[in-house]
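Visitor: when you get a sec, could you give me coordinates for this:
(chains A and B)
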There are 2 protein chains.
Amino acid sequence: TLRVLFQYKPQNIDELMINAGDFIYVDPTQQSDVSEGWVIGTSHRTGCRGFLPENYTERAHESDTWVKHREYVFVTASRSFTQTENEPNEKLNGEVHSPSMSRSVANVLSLQNANLRRGVLVMRHGERVDQVFGKSWLQQCLTSDGKYYRADLNFPSTLPKRKDGVKHFEYDPPLSCCGIFQSRLIGEALLDQEVTVSYMYSSPALRCIQTAQHILQGLKLDQKVKIRVEPGLFEWTKWEASKAIPNFMTVTELAEAAYKIDTSYRGNFPLSSLMPSENYEEYVSRTPLLLFFAFSGVSGVILIVGHGSSLMSFTRPLLGLPARDSSDFAQAVRKIPSLGMCYCEELKEENKWHMVNPPVNTLTHGANAAFNWRNGIVEV
Amino acid sequence: TLRVLFQYKPQNIDELMINAGDFIYVDPTQQSDVSEGWVIGTSHRTGCRGFLPENYTERAHESDTWVKHREYVFVTASRSFTQTENEPNEKLNGEVHSPSMSRSVANVLSLQNANLRRGVLVMRHGERVDQVFGKSWLQQCLTSDGKYYRADLNFPSTLPKRKDGVKHFEYDPPLSCCGIFQSRLIGEALLDQEVTVSYMYSSPALRCIQTAQHILQGLKLDQKVKIRVEPGLFEWTKWEASKAIPNFMTVTELAEAAYKIDTSYRGNFPLSSLMPSENYEEYVSRTPLLLFFAFSGVSGVILIVGHGSSLMSFTRPLLGLPARDSSDFAQAVRKIPSLGMCYCEELKEENKWHMVNPPVNTLTHGANAAFNWRNGIVEV
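Guide: You can find the predicted model right below:
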């Protein structure tokens, strides 16, 4: 694979348009009739094939060529979600969707690799209410007689029912409406890329279960794949539960509140083993245990919704890397946004994994401030 | 009306729970059997009625009591959108919605006022793509052969078709996916409050038309109310069109792209009269002309989707206030967030208007950053 250094605009019909930064796949067996200084290649970006000047390119670094996995890993999976191209699909966002640009690329590249590989996609949950409204969010939303109301439109329209009282949401906050939007959008984007999710695991934190639920809805898999609530996926308790483990909603309560939960699943790391204020070693030792169970006999993509820390603590053992030291860990985790994700793919050699680009793009949006007409529109 | 200064917890069954900041409606004709130091009142917040200690309160400022309009203005309008209380409504955000908290309050207060008043709700559009991705947003989304692709998931999944070429979106950018989410949420919140929108006016800017469309979808009015595209509602051209007026999509193109446009509507301020780089006087003189036309023979709520500046330039003439000086204007407009809104209501005396709280709450959410697994998760 070559990486393009300079733009080249075709001078002839059989030449390839290339832009700086493009990756070009070059099949060595097809270079026999090519004149000196030229190669024939396929652009990863456009899926087009043609001649290009070799001195406009350099040999790509191995880690860069991982980019190509974005395209071909998923297309070989079941295509049961593929729409017919003549049938536009009305989306959450109300825009009519036309067939994905990348299909032609995917078609080209899928020829190169016909085996379905196993993958693990690890994500952080969406925006949580306390992230926007602070620790006192619940007080802002309760009337004096303890009823919930929506003090800002980014609060969810209702809270799920729980038997032990609404006050326990304080330590186990739900997604904001924006967090729901983010999760749904990621689910729809995974569907666009035809990602086949075989299993969905979630931290017992409500925000993670809600994220998982809305991703499955976006994927149109909410009637097929159920959420496995795994206590071992909860946040490092030193950060989130220094005094006591929150009272999570029970699996029964979640199911009654219309969350699609696999009620037959028993966590590999029982909730009762989760201790407040873990030290770093205790925290990182939770996940390898999980890995052993999660991947026996599974094919396709396993989706894990956890916390920022999960992106590191869950993937590194899988890649055979040691835990980072706790201050590097904290620094890296702090930068992980809502729905930040990373993706591990199994190599042909079984049980060897590497990290490649996730199947969908980033999600970047701005903040919105509250607005009061009393400030500046009229004099009062 | 009284404003509560201190919390008071009921000692008897006939007393009212009050919190600091509550407004309490006190009917002077009902105080005959009340002992010294006590009054009987109705809480605006809870709709409950009971005795309270007068010295825990002060007389509310007139402008503060405008708060009550939030509750009673709309409930007297047609209730055709009211759901039955036993029939939860599945919402965009996937949460099951229970009947609005404020209904009991509304019922109490609606007794005080049985006439339908006219209202004008002026809003800024939702998040636009260039607000997040900068002026070069379109370059980020075009392949070398000019095809649109979604470089980040907050870009819309497609752009509408236009005959004069995709490059014209550069000066007339669409909403981001987050902007679509914001607009939809506001529409749903207006529906919750049973706001009856009679007419929808929009600036010719694509982001405003899209905002209007998604609000109407949230209101479930997209089959009933059509969008009237009014060139006079466009941004102050000194800010947005200093060299040339953007090539807006035509009404025909918009209708073909499935926007619900009132194609029979002819703008009161023709597009051809819109001049680049207007001075402030030219800009503010555009709107009074509009007002004259917009309100003859209309009842119910008129919704206007424009720009930050519309909140000021459109409402002040209606309230009989002079334009603010241009630097105060700029300062106030800069603070107006996506879907920032203000609401004018007609007084009993016809053609006299005042500004009151809008029918729905604020929308506050955080930003989300792009994330690359190469930074910090594994060493590459």
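Visitor: which residues of the stretch 151-300 of chain A fall in helices?
Guide: A:177-192, A:206-218, A:237-240, A:251-256, A:280-294 (DSSP state H, counting those that start in this stretch).
Visitor: nearest to residue B:342, of those?
Guide: Taking Cβ to Cβ, helix A:177-192 is the member of the helices of the stretch 151-300 of chain A nearest to residue B:342, at 22.0 Å. The way it works is simple: take the backbone N, C-alpha and C, and place the C-beta from them, glycine included.
Visitor: show me what that closest one is packed against.
Guide: helix A:206-218, helix B:177-192 (3 or more Cβ pairs under 8 Å, 6 or more residues apart in numbering or on different chains; DSSP states H and E).
Visitor: that older thread, switch the helices of the stretch 151-300 of chain A over to TSV; also include mean pLDDT.
Guide: Output for the helices of the stretch 151-300 of chain A, formatted as TSV (pLDDT from 0 to 100):
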stretch	mean pLDDT
helix A:177-192	97
helix A:206-218	98
helix A:237-240	93
helix A:251-256	95
helix A:280-294	77
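Visitor: can you list those in JSON lines and add mean neighbour count?
Guide: Formatted as JSON lines, these follow (neighbours: other Cβ atoms under 10 Å in any protein chain shown):
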{"stretch": "helix A:177-192", "mean neighbour count": "27"}
{"stretch": "helix A:206-218", "mean neighbour count": "27"}
{"stretch": "helix A:237-240", "mean neighbour count": "17"}
{"stretch": "helix A:251-256", "mean neighbour count": "17"}
{"stretch": "helix A:280-294", "mean neighbour count": "16"}
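Visitor: out of those helices, flag the one nearest residue B:281.
Guide: Nearest of those to residue B:281, taken as Cβ to Cβ: helix A:177-192 at 39.8 Å.
Visitor: quick one: the closest one to helix A:206-218, angle?
Guide: 40 degrees (axes from the mean of the first three to the mean of the last three Cα atoms, to 10 degrees).
Visitor: send me helix A:177-192 as CSV with only the CA atoms.
Guide: What follows is helix A:177-192 as a C-alpha-only set of coordinates in CSV (Å, rounded to 0.1, in the frame of the first residue of the first chain):
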residue,chain,number,x,y,z
CYS,A,177,-31.6,14.0,25.9
CYS,A,178,-28.4,14.9,24.1
GLY,A,179,-26.9,11.6,25.3
ILE,A,180,-29.8,9.8,23.9
PHE,A,181,-29.4,11.6,20.6
GLN,A,182,-25.6,10.7,20.5
SER,A,183,-26.3,7.0,21.2
ARG,A,184,-29.0,6.8,18.6
LEU,A,185,-26.8,8.4,16.0
ILE,A,186,-24.0,6.0,16.6
GLY,A,187,-26.4,3.1,16.3
GLU,A,188,-27.6,4.4,13.0
ALA,A,189,-24.0,4.9,11.8
LEU,A,190,-23.1,1.3,12.7
LEU,A,191,-26.2,0.2,10.7
ASP,A,192,-25.0,2.2,7.7
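Visitor: and it, how far from the chain's centre?
Guide: 10 Å (Cα atoms, centre = their mean, to the nearest Å).
Visitor: from what I can see residue A:303 touches residue A:201, true?
Guide: Yes - contact criterion Cβ atoms under 8 Å: residue A:303 and residue A:201 qualify, at 7.2 Å.
Visitor: endpoints of stretch A:338-354, how far apart?
Guide: Using Cα to Cα, to the nearest Å, the span of stretch A:338-354 from its first residue to its last is 23 Å.
Visitor: what residues does it touch?
Guide: Outside stretch A:338-354, the residues that touch it by Cβ atoms under 8 Å, 6 or more residues apart in numbering or on different chains are A:66, A:69, A:73, A:115, A:117-127, A:179, A:182-183, A:186, A:211, A:308, A:311, A:315, A:318-320, A:355-360, A:363, B:368, B:371, B:373, B:377.
Visitor: so which of these sit within helices?
Guide: A:69, A:73, A:179, A:182-183, A:186, A:211, A:308, A:311, A:315, A:318-319 (DSSP state H).
Visitor: residue B:144: which of these is nearest?
Guide: Distance to residue B:144 across those (Cβ to Cβ) is lowest for residue A:69, with 22.6 Å.
Visitor: run a quick neighbour tally on the closest residue to residue A:371 other than its chain neighbours.
Guide: Nearest in space to residue A:371, with sequence neighbours left out and distances taken as Cβ to Cβ, 6 or more residues apart in numbering or on different chains, is residue B:340 at 3.9 Å. Residue neighbour count, defined by other Cβ atoms under 10 Å in any protein chain shown, stands at 24 for residue B:340.
Visitor: look up how far residue B:317 lies from residue B:340.
Guide: Remark: distance between residue B:340 and residue B:317 (Cβ to Cβ, to the nearest Å) = 19 Å.
Visitor: got the contact list for residue A:43?
Guide: Shown in contact with residue A:43 (Cβ under 8 Å, 6+ apart): A:16-18, A:22-25, A:49.
Visitor: closest one to chain B out of the residues you listed, please.
Guide: Proximity of the contacts of residue A:43 to chain B (Cβ to the nearest Cβ) peaks at residue A:17, which lies at 4.7 Å.
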